[in-house]
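> Sharing a sequence plus its predicted fold:
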Amino acid sequence: MKRSVAVQRPARLSVERAQLLIENDAGRHTVPLEDLGILVLDHDAIAVSGPLLGELGEQRVAVVVCNAKHLPSAMLLPYEGHSLMAQTLRGQIEASKPAKKQIWRQIVVAKIQSQSRFLQDKLGHDSGLGSLSNQVLSGDRSNREAVAAGVYWDALFGGDFVRLRRAEMAESGPGLDPTFRTANALLNYGYAVLRAAVARAIVLAGLHPALGVHHRHRENTFSLADDLMEPLRVLVDRQVCDILEGEPDLPQDLTPSLKRGVLTVLAAEVTWEGGRWPLDAALEAYAVQVRKCLLSETKALEVPGA
């Protein structure tokens with residue numbers, strides 16, 4: 001299992017003997033680069049050496065950079081992740097619309113099924129999501145994903161809850177319920193970190209993260225990551241619910257300790273090929289499955305079970 005490391009205080013980062021060296025007022029700390037999967041830089045007084053950036057790319061480490069508000073704002077991914085990357089990219093660009101629609105249908109089915117299982121575990125019922133997963137058409141043209149999302153969030157947080165992305169939270173003003181604000185902030189942070197993990201797996205499979213099968217926007221360079229992560233969002237949802245239930249008087253701003261709690265989602269195990277796999281390994285296998293579907297090597301897509 002690859003490690004995820006978050007640096008949340010002033011530090012100098014460099015490379016020493018094939019290890020990430022973190023130097024700060026607490027001393028010197030090292031992490032073998034070959035063990036590292038994701039590095040989160042979450043302070044405006046972190047200095048990173050050029051040789052370290054090069055080694056992080058060579059070791060296929062995804063780097064997440066946070067802004068002054070401590071929210072993920074940039075990602076550094078390996079430039080070359082697969083020996084046949086050029087050939088795979090051509091196949092990805094030329095993939096047929098029916099193939100993309102079938103991939104998206106299978107992703108949506110898996111997402112709704114994951115939501116159904118989580119609600120069943122948490123509430124003792126799934127609010128009818130199981131039957132909704134059987135209604136998904138090619139390309140989800142009847143938009144069962146959106147219908148399921150409404151049912152899901154109402155069941156988890158009540159009918160007054162509004163799911164807000166980061167930009168929407170900035171526009172929501174002070175009237176938003178403090179608990180809902182904290183919940184949305186935790187969810188957004190967790191999804192951003194999960195997105196980085198999925199994007200890393202996509203690159204390692206030789207695919208380009210900007211070329212989605214469903215999500216598409218000229219300014220979104222991670223459309224495929226947004227597609228593939230959908231069934232795995234439940235991992236973050238479960239972690240956030242545990243945090244909210246364990247600490248009823250949470251601050252509205254994300255503290256380092258809250259973010260560390262969310263970050264542990266990357267150490268989760270998921271169901272894959274009938275067994276339990278570390279998330280990073282399952283993501284890599286999942287991305288390879290998507291590549292095979294896009295290149296018409298197979299039609300059936302196996303999705304990790306959250």
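Structure received. It should be emphasised that the depicted structure is a prediction, and the values quoted were computed from it without experimental measurement.
> Please, which helix or strand holds the residue nearest the centre of the chain?
With distances taken as Cα atoms, centre = their mean, L194 lies nearest the centre of the chain, 1.9 Å away. Assessed by DSSP states H and E, L194 sits inside helix 178-204.
> pLDDT weak spots in the stretch 151-300 of the chain?
Per-residue confidence for the stretch 151-300 of the chain (pLDDT under 70) gives these ranges: 167, 169-175, 248, 252.
> Run through the strands of it in chain order.
In the stretch 151-300 of the chain, the strands defined using DSSP state E, counting those that start in this stretch lie at 269-272, 275-278.
> Now do the buried residues in the last one.
For strand 275-278, the buried set under the neighbour-count rule, 16 or more other Cβ atoms under 10 Å, comprises W277, P278. C-betas here are computed from N, CA, C, even on glycine.
> Which residue ranges of the stretch 201-306 of the chain form helices?
Taking DSSP state H, counting those that start in this stretch as the test, the helices found in the stretch 201-306 of the chain are 223-228, 233-246, 256-263, 279-294.
> Would you mind stating the distance between I46 and V40?
10 Å (Cβ to Cβ, to the nearest Å).
> re earlier: of all the strands of the stretch 151-300 of the chain, which lies closest to L186?
Closest to L186 of these is strand 269-272 (Cβ to Cβ; 20.2 Å).
> Around the residue nearest to G128 when sequence neighbours are not counted, how many other residues sit close by?
Spatial nearest neighbour of G128, excluding adjacent residues (Cβ to Cβ, 6 or more residues apart in numbering): V151 at 6.6 Å. By other Cβ atoms under 10 Å, the residues close to V151 number 18.
> Just to check, V151 is in contact with S131?
No. In this structure, V151 is not within contact of S131 by Cβ atoms under 8 Å, at 10.7 Å.
> What is the end-to-end distance of stretch 59-79?
11 Å (Cα to Cα, to the nearest Å).
> before we move on, what about stretch 164-181?
Termini of stretch 164-181 sit 9 Å apart (Cα to Cα).
> What of stretch 295-306?
Across stretch 295-306, first to last residue, Cα to Cα, it's 26 Å.
> now swap in stretch 225-242 and tell me
End-to-end distance of stretch 225-242: 25 Å, with Cα to Cα as the criterion.
> Give me the distance between it and the centre of its chain.
7 Å (Cα atoms, centre = their mean, to the nearest Å).
> Could I get the buried residue list for it?
By 16+ other Cβ under 10 Å, the buried positions in stretch 225-242 come out as 225-241.
> still on that earlier bit, is it possible to get a markdown table of the strands of the stretch 151-300 of the chain that adds distance to H70?
Formatted as a markdown table, those follow (distance: least, Cβ to Cβ, whole Å):
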| stretch | distance to H70 |
| --- | --- |
| strand 269-272 | 27 |
| strand 275-278 | 27 |
